[in-house]
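# structure here, sequence nowhere to be found:
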């Protein structure tokens, strides 16, 4: 490894809301990274538990950890946008407050992006149970995906994404309560950038009961809103993309159930 001052800074973007139960583990997974030139910007969305106190404890030990507290509860999009606004890194990586990275995540992903000279990458990840125990459920990734492919199916896990802002520019997430990350990937790929998959498990996605993303019916509604109103697709194309999404989602659920049997 080179000296830190020769390595690009990576800004880790972490929105947090009532995350006291898991955020300590999340921060530890960043502290354990083999790549050391990072800053972690945690934006608290007016948590009502001990999230802020927990983050402050780690902040006192490592000044690479930065905490911002929003004045009002505004949702993940606003929290992530605030973090990206103050981020100083050329590269940004996303990690939600209950998810985890493997120690080599940043090092492997940055090397991959620099070697290929690309703007946007994502990786395989493992789903873990709420208590942190591992499952055999590994989310695979294609080698590369473009806008049209991404509209049919979001194969990108937010916790695995890294973006080179020198290439992509400074873009904001659409201010919607869910699926704002999906909309962000679509914004980037709509500009002509390809998203490249790294076929290595480098992150762990925690499946938390009653989380926003766990509600399948709400997710379906949000996807329709995304196709029709955020991406402004004609009615026919919106239906086509939604049918693709619905069929693939049902297939994924069926396969996951089989694995659990």
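Nice, thanks for sending it over. All values reported here derive from a predicted model rather than from experimental measurement.

# what ranges do the strands span in the chain?
10-16, 38-44, 65-69, 91-94, 100-101, 120-128, 134-139, 144-145, 162-164, 195-206 (DSSP state E).

# for these, which one sits closest to residue 251?
Smallest distance to residue 251 across the strands of the chain (Cβ to Cβ): 13.8 Å, for strand 134-139. To be clear about C-beta, it is placed using only N, CA and C from the backbone, and glycine gets the same treatment.

# low-confidence ranges, the stretch 101-250 of the chain, go.
For the stretch 101-250 of the chain, the stretches with pLDDT under 70 are 177, 210-216, 224-225, 229, 238, 248.

# middle-most residue in the protein, spatially?
residue 158 (1.9 Å; Cα atoms, centre = their mean).

# now residue 130: how far from residue 158?
Counting by Cβ to Cβ, to the nearest Å, the gap between residue 130 and residue 158 amounts to 18 Å.

# next, format the strands of the chain as a markdown table and append mean neighbour count.
Converted to a markdown table, those look like this (neighbours: other Cβ atoms under 10 Å):
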| stretch | mean neighbour count |
| --- | --- |
| strand 10-16 | 25 |
| strand 38-44 | 24 |
| strand 65-69 | 17 |
| strand 91-94 | 24 |
| strand 100-101 | 24 |
| strand 120-128 | 22 |
| strand 134-139 | 14 |
| strand 144-145 | 18 |
| strand 162-164 | 24 |
| strand 195-206 | 20 |
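
# could you dump these to a markdown table with distance to residue 55?
Output for these, formatted as a markdown table (distance: least, Cβ to Cβ, whole Å):
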| stretch | distance to residue 55 |
| --- | --- |
| strand 10-16 | 7 |
| strand 38-44 | 5 |
| strand 65-69 | 5 |
| strand 91-94 | 17 |
| strand 100-101 | 16 |
| strand 120-128 | 22 |
| strand 134-139 | 26 |
| strand 144-145 | 34 |
| strand 162-164 | 22 |
| strand 195-206 | 18 |
